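Q: got a sequence here, can you build the structure:
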Amino acid sequence: MHPSASIRRCRDEERVIILQICNQAAEAYRHTIPRDCWKEPYMPQDELDQEIANGVRFWGYESEQGLSG
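A: Model prediction:
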């Protein structure tokens, strides 16, 4: 990890970025995710919102370029 980078809990106002990261990660594994589990988008906004409402907490990797993982 770069010295100025950190892993931190994601903030509520970062939901759009969290969603982008989740869907980019799913795309990277598209051919290993079973076809009957794949959908477009892999995680829609309402599903992310429901997961957060259910208590799921997201942690992210932040570097000088911003939240990226």
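Q: going forward, measure contacts and count neighbours with C-alpha atoms only.
A: Fine.
Q: and the residue nearest the centre of the chain?
A: Residue closest to the average C-alpha location in the chain (Cα atoms, centre = their mean): Cys22, at 3.1 Å.
Q: so who does that one touch?
A: Met43 (Cα atoms under 8 Å, 6 or more residues apart in numbering).
Q: which strand or helix spans it?
A: helix 15-28 (DSSP states H and E).
Q: could I get the CA-only coordinates of that helix as PDB?
A: Output of helix 15-28 as PDB, limited to C-alpha atoms (Å, rounded to 0.1, in the frame of the first residue of the first chain):
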ATOM      1  CA  ARG A  15     -22.800   5.300  -2.700                       C
ATOM      2  CA  VAL A  16     -22.400   6.200  -6.400                       C
ATOM      3  CA  ILE A  17     -18.600   5.400  -6.300                       C
ATOM      4  CA  ILE A  18     -19.300   2.200  -4.200                       C
ATOM      5  CA  LEU A  19     -21.700   1.100  -6.900                       C
ATOM      6  CA  GLN A  20     -19.200   1.700  -9.700                       C
ATOM      7  CA  ILE A  21     -16.500  -0.200  -7.900                       C
ATOM      8  CA  CYS A  22     -18.800  -3.200  -7.200                       C
ATOM      9  CA  ASN A  23     -20.000  -3.300 -10.800                       C
ATOM     10  CA  GLN A  24     -16.400  -2.900 -12.200                       C
ATOM     11  CA  ALA A  25     -15.300  -5.800  -9.900                       C
ATOM     12  CA  ALA A  26     -18.200  -8.000 -11.100                       C
ATOM     13  CA  GLU A  27     -17.300  -7.200 -14.700                       C
ATOM     14  CA  ALA A  28     -13.700  -8.300 -14.100                       C
END
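Q: immediately after that helix, which helix or strand?
A: Next along the chain after helix 15-28, taking DSSP H and E as the criterion, comes helix 45-53.
Q: got the angle between that next one and helix 15-28?
A: Per axes from the mean of the first three to the mean of the last three Cα atoms, to 10 degrees, the angle that helix 45-53 makes with helix 15-28 is 110 degrees.
Q: now helix 45-53: buried residues?
A: When neighbours are counted by 16 or more other Cα atoms under 10 Å, the buried residues of helix 45-53 are found to be Leu48.
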